[in-house]
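> Coordinates for the following, if possible.
(2 chains)
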Protein chains: 2
Amino acid sequence: MAKANANAIVAQSGGPTCVINSSVCGVIQEAAKTKKIGRVLAAHDGILGVLKEEIFDASAEKASVIEALKRTPAAAMGSCRYKLKSLDQAQSDFDRVLDVFKAHEIRYFFYAGGNDSMDTADKVNKLAAQRGYELVCIGIPKTIDNDLAYTDHCPGFGSVAKYVATCAMEAGRDNEALSTFDTCSIVEVMGRNAGWIAAASGLATREPQDAPHLIYMPEAAFTFEQLVRDVKEVYREFRRVFIIVGEGLKDEKGNYITEETAGFGNDAFGHAQLGGVAEMLKNVIEKNAGVKARWNKLGTQQRSSMHFASLTDINEAYMCGKHAVKAAMSGVNGKMITLVRDKGAKYKCTTGFAELKDVANGEKKVPKEFINEKGNHITEACRRYVGPLIKGEAPITVGKDGLPVYVRLAKKWVEKKLPRYL
Amino acid sequence: MAKANANAIVAQSGGPTCVINSSVCGVIQEAAKTKKIGRVLAAHDGILGVLKEEIFDASAEKASVIEALKRTPAAAMGSCRYKLKSLDQAQSDFDRVLDVFKAHEIRYFFYAGGNDSMDTADKVNKLAAQRGYELVCIGIPKTIDNDLAYTDHCPGFGSVAKYVATCAMEAGRDNEALSTFDTCSIVEVMGRNAGWIAAASGLATREPQDAPHLIYMPEAAFTFEQLVRDVKEVYREFRRVFIIVGEGLKDEKGNYITEETAGFGNDAFGHAQLGGVAEMLKNVIEKNAGVKARWNKLGTQQRSSMHFASLTDINEAYMCGKHAVKAAMSGVNGKMITLVRDKGAKYKCTTGFAELKDVANGEKKVPKEFINEKGNHITEACRRYVGPLIKGEAPITVGKDGLPVYVRLAKKWVEKKLPRYL
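Residues are numbered from 1 along each chain as shown, chains lettered A, B, ... in the order given. I've put the predicted structure just below:
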């Protein structure tokens, strides 16, 4: 544990979710309760804010605003996809991070993000140890993709799962109503390498006639021949076809069935930014299955739909933030908080720990036993896994104008002490 | 008024909405109250169900299921985009409609739809008069596009308006959070010729920094030069850009800036089915404004998002259905129910009538005074017009599994009496 009254810094990283604000709310509220932390600072736009020394005082925010973060989507502190420059280089980004931490007496680093962020936290932590700078780094899991290893599931996933399943129900009813015209509907959802979000939509299929009839995930090798066969089969049975497709479909050789890797299409982590899978499916279905098709692309809406988020997800995200502070206070370091599901029949979830470096290098895909034999829908085992994560309603505050009320932070900036870096 | 105890038929037409089921609920419940109507029959898949004699007994549905239609999206009776074949041809579809009406002693025709449907209702009505068949035809307005003339607004619009404005807020916060990476976000919404849905998103801009920063509607001539200028200007001010774009953008000559008119892309009414506007904007913005962009296409989700519908819209749709029956009972014929807004400062809405043929030939676009001078956002007058329509929360029933509960009709089929036609 770092010395008393040192400051903490909290940062949000990667793609926003409905509940990453709930996690930082947990950090800020728990930190205020311990009398051992000075101020909780916040990095603006994730690790970029540390590098640029763009830091504000989260402890100075109104308590009511911090509380309202539990019902505010996206990342209120700002986020980024900046990949820190090598630890091996003479003047590395990692050195800068430590310099900023030192300048602001930061001894606790709470970082909410996915595996790239855990890698960053791990490297910062190791460099601090190497340089003899007392620092506690705790990771807080966050990703709608649900692909972090060592945790039963990830905060952010439950809400997107609920939203995507609800969209499948609603757009599914639309497809059902107008099946004489738009016979096939395709909805493209996120999930680069892991099909968790697509899989979650399967919860909407309470009975066979319910959408989605077909779910395609990156984990099941995709062929256009099977697509056409599947569509024809569903059409014969229901005279309509509703498909959920993950953006990262792969062929039998493991290659993406579409790639937009040129120009702006690459993101800084080197992943190919995918798009257009649904449109490609539409064209193939119309041409080869002879059925008129249309498509929706939920895009960033799926990860920001606070107005129908999962209360379980919100509460667990909060718990992760809170337990990150508790862990730091009790001498834990270099770990990410994990969600641990009880073995019992009734869903119960507590927290545990995983090594930051293990999480950084891991990835959790949808297992074989969660995908049906045909590779086009989910199994009961998958329903049992995802089912509890979407439960619980979390009504939002609605203004007099009929629209949601979401807060913004006041961002009382901390004075810069170092020369400009980025 | 038709003779006592004759049957009524109700049908749903065109693109589904969140509230067209509320309208038919109003018809069925009000018809049950009058003792003058025999059974309320329902045409399966709109007018197609009449032609095919696929009719079920709506009066035989459970009262609780009919009531639950008020919270069930899409079109529970089924809909279609079938355009009836000419009245001038020897054996026309219109003759068949009358034959089916006669065979099932149908003397009241309640048709919920847009202007094409009002045209159908008008022609059926005139043919009936010509043939001396006593028939009452009443239209019930329905369209998310809000483009029907002679009515202040259309049932279905308030809910899509609320949803799209909420999406702009939420995906807008996502854009704000990750502006260092995905600097520009574009959301494509429906609206072929009228920009009402795009315009409604402007309610989300409570203060200038709020998304959407730019709104492009078919009513304002679109140029890529202006797009690039607008994006650069917004970027300079906020370091991020959030755009709502209607699917039917037109250039200065009134041509769509994209057209997919080949093959399945034509719908039966001869409108071009549009798509890909958002992607086209993304490419231009990345190339010419130098800003990384991404896009969402809400598609059918925007017209089926019952989970966050407008209570005002639901109630008004119900009122239209109810008043259609009341009108028929009081001797009105050949009219569509309209929504009439009080002149007073406080929003109040009652119903009135318009001639079916007038509605059939009319179209209401977003007027000039609702669009700002630059043609890229809405005015205060537009906010005053749309604002009241989205108000009121309408919580849905959520099942034990955490997902919405939407009903399906039992559809007790009425025995066919005529030879097969379609």
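> would you say residue A:295 is within a strand?
Yes - assessed with DSSP: H, G, I helix; E, B strand; the rest coil, residue A:295 lies in a strand.
> Next, the contact list for the residue lying closest to residue A:296 once chain neighbours are set aside, please.
In space, residue A:296 comes closest to residue B:299 once its chain neighbours are excluded; the distance is 3.0 Å by C-beta to C-beta, 6 or more residues apart in numbering or on different chains. For every residue, glycine as well, the C-beta is placed using N, CA and C. Residues near residue B:299 by C-beta atoms under 8 Å, 6 or more residues apart in numbering or on different chains: A:171, A:187, A:294, A:295, A:296, A:297, B:190.
> quick check, nearest of those residues to residue B:85?
Using C-beta to C-beta, residue A:294 comes nearest to residue B:85 of these, at 25.1 Å.
> so how far is residue B:185 from the residue nearest to residue A:296?
16 Å (C-beta to C-beta, to the nearest Å).
> Next: residue A:62.
Separation of residue A:62 from residue B:185 (C-beta to C-beta) stands at 28 Å.
> Please apply the same query to residue A:353.
36 Å.
> higher neighbour count, those two?
Neighbours per residue, other C-beta atoms under 10 Å in any protein chain shown: of residue A:353 and residue B:185, the larger number sits with residue B:185, 30 against 18.
> For that one, grab phi and psi.
Per-residue torsions, residue B:185: phi -120, psi 140 (degrees, to the nearest 10).
> Residue numbers of the stretch 301-422 of chain A in contact with chain B?
A:301, A:303-308, A:310, A:387, A:390-393, A:395, A:398, A:401-404, A:406 (C-beta under 8 Å from any C-beta of the partner chain).
> Show me these that map onto strands.
Per DSSP state E, strands hold no members of those.
> which among these end up buried?
Applying 16 or more other C-beta atoms under 10 Å in any protein chain shown to these, the neighbour count classes A:301, A:303-308, A:310, A:387, A:390-392, A:398, A:401-404, A:406 as buried.
> residues in contact with residue A:255?
Counted by C-beta under 8 Å, 6+ apart, residue A:255 has zero contacts.
> Roughly how far does it sit from residue A:222?
Residue A:255 is 10 Å from residue A:222, by C-beta to C-beta.
> Mind jotting down where the strands sit in the stretch 51-200 of chain A?
A:55-57, A:106-113, A:136-141, A:184-189 (DSSP state E, counting those that start in this stretch).
> of these, which approaches chain B most closely?
strand A:184-189 (6.3 Å; C-beta to the nearest C-beta).
> That closest one pairs with which strands, and in what direction?
Applying DSSP bridges, strand A:184-189 is found paired with strand A:241-246 (parallel), strand A:293-297 (parallel).
> got those strands as a markdown table, with distance to residue B:410 and mean pLDDT columns?
Shown next, in a markdown table, are those (distance: least, C-beta to C-beta, whole Å; pLDDT from 0 to 100):
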| stretch | distance to residue B:410 | mean pLDDT |
| --- | --- | --- |
| strand A:241-246 | 22 | 98 |
| strand A:293-297 | 29 | 96 |
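> Could you say which of those is packed most deeply?
strand A:241-246 (a mean of 29; mean count of other C-beta atoms under 10 Å in any protein chain shown).
> Of all the strands of the stretch 51-200 of chain A, which one comes closest to residue A:13?
strand A:106-113 (3.3 Å).
> rewinding a little: could I get the strands paired with strand A:184-189 in TSV, plus columns for distance to residue B:71?
What follows is the strands paired with strand A:184-189, written out as TSV (distance: least, C-beta to C-beta, whole Å):
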stretch	distance to residue B:71
strand A:241-246	21
strand A:293-297	22
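> what does the stretch 51-200 of chain A have sitting close to chain B?
Going by C-beta under 8 Å from any C-beta, the residues of the stretch 51-200 of chain A near chain B are A:72-76, A:78-82, A:162, A:165-167, A:169-171, A:173-182, A:185, A:187.
> which of the residues you listed count as buried?
A:72-76, A:78-82, A:162, A:165-167, A:169-171, A:173-182, A:185, A:187.
> From these, which land in helices?
A:162, A:165, A:166, A:167, A:169, A:170, A:171, A:173, A:174, A:175, A:176, A:177 (DSSP state H).
> of those, closest to residue A:39?
Of those, the one sitting nearest to residue A:39 (C-beta to C-beta) turns out to be residue A:162, at 35.4 Å.
> And that closest one, how far from residue A:300?
Distance from residue A:162 to residue A:300, by C-beta to C-beta: 16 Å.
> how's chain A carved up into domains?
As recorded under automatic domain parsing, the domains making up chain A are A:6-143+A:308-360, A:157-305+A:367-390.
> Now the weakest link among the ones you listed, please, by mean pLDDT.
Here the lowest mean pLDDT among these goes to domain A:157-305+A:367-390, at a mean of 90.
> what's the span of stretch A:56-73 from first residue to last?
End-to-end distance for stretch A:56-73, by C-alpha to C-alpha, to the nearest Å: 20 Å.
> Show me which residues of it are buried.
Quick answer for stretch A:56-73 (16+ other C-beta under 10 Å): A:56, A:57, A:58, A:59, A:61, A:66, A:68, A:69, A:70, A:71, A:72, A:73.
> just those now: which is nearest chain B?
Using C-beta to the nearest C-beta, these come closest to chain B at residue A:73, 5.3 Å.
> Let me know how buried the nearest residue to residue A:338 once chain neighbours are set aside is, in neighbour terms.
Nearest residue to residue A:338, sequence neighbours excluded (C-beta to C-beta, 6+ apart): residue A:151, at 3.8 Å. Number of residues near residue A:151 (other C-beta under 10 Å) recorded here: 24.
> Let me see the contact set for residue A:151.
A:141, A:336, A:338, A:339, A:340, A:354, A:359.
> Bridged to the first one, which residues?
Applying DSSP bridges to residue A:141 gives these bridge partners: residue A:113.
> so it touches residue A:148, yeah?
Yes - between residue A:141 and residue A:148 there is a contact at 5.4 Å, judged by C-beta atoms under 8 Å.
> any common contacting residues for these two?
A:114, A:154, A:336, A:359.
> any idea how far the second one is from residue B:310?
Residue A:154 sits 33 Å away from residue B:310 when distances are taken as C-beta to C-beta.
> again with residue A:7
46 Å.
> Contact partners for residue A:248?
Counted by C-beta under 8 Å, 6+ apart, residue A:248 has contacts A:191, A:192, A:193, A:195, A:218, A:256, A:274, A:277.
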